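Q: sharing a model that was predicted from the sequence below.
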Amino acid sequence: QVRLVESGGGLVQPGGSSILSCAASGNILSVNWMGWYRQTPGKQRELVAKITGGEVTTYADSVKGRFSISTFNIDNRVFLQMNSLKPEDTAVYYCFANYRAQGTIRPSDVWGQGTQVTVSS
């Protein structure tokens with residue numbers, strides 16, 4: 001069974017920075033891509049940033065220039081550096097991975113449990 005364990009988040013002042021990390025473990029042959037989504041009450045979960053195995057990155061327009069996603073492929077970890085945080089960045093942030101398990105052909109998806117980020121003075 002594959003798990004994603006997130007860490008980081010919490011309360012941050014507007015204009016501040018924070019970093020989220022996520023580690024994948026379990027029966028993983030390879031990770032195709034990992035990313036971060038976020039969700040606020042009453043809204044759909046939205047993609048914040050994603051990174052492929054070839055380190056191609058994609059960002060939501062709302063975070064471009066402020067957030068940076070990176071990965072440490074050796075142990076399947078992904079990080080989200082968040083700078084110049086705004087109150088509207090407040091949300092539960094979820095780690096996501098698309099991967100291939102050992103002994104399988106089709107890729108699978110897995111979500112982390114979510115971590116709260118609150119931007120407030």
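A: Cool, the structure landed. Residues are numbered from 1 along each chain as shown.
Q: make it CA atoms for all contacts and neighbour counts henceforth
A: Noted.
Q: next one: the lowest-mean-pLDDT helix or strand in the chain to chain centre, how far?
A: In the chain, the helix or strand scored least confidently by mean pLDDT, DSSP states H and E is strand 67-72, which has a mean of 91. From the chain centre to the centre of strand 67-72 is a distance of 9 Å (CA atoms, centre = their mean, to the nearest Å).
Q: now do the helix or strand just after that strand against strand 67-72: the angle between them, please.
A: Following strand 67-72 in sequence order, the next helix or strand is strand 77-82 (DSSP states H and E). Going by axes from the mean of the first three to the mean of the last three CA atoms, to 10 degrees, strand 77-82 is angled at 160 degrees with respect to strand 67-72.
Q: tell me which strands strand 77-82 pairs with, and in which orientation.
A: In the sheet, strand 77-82 lines up against strand 18-25 (antiparallel), strand 67-72 (antiparallel) (DSSP bridges).
Q: just give the nearest non-adjacent residue to the residue positioned nearest the centre of the chain, would you?
A: Among the residues of the chain, the one closest to the centroid is W36, at 2.5 Å (CA atoms, centre = their mean). Of all residues not flanking W36 in the chain, C95 sits nearest, at 4.7 Å (CA to CA, 6 or more residues apart in numbering).
Q: per-residue pLDDT, that neighbour?
A: Predicted confidence (pLDDT) for C95: 97.
Q: got it, and the one 4 residues further on?
A: Confidence at Y99, expressed as pLDDT, is 93.
Q: for the chain, identify the residue most remote from the centre.
A: G103 (26.0 Å).
Q: ok, F67 to R38 distance?
A: According to CA to CA, to the nearest Å, F67 and R38 sit 13 Å apart.
Q: what bridges to Y99?
A: Under the criterion used (DSSP bridges), Y99 bridges to V31, S108.
Q: how close does it get to T57?
A: 17 Å.
Q: who has more neighbours out of the two?
A: Using other CA atoms under 10 Å, the more surrounded residue of Y99 and T57 is Y99, with 21 against 16.
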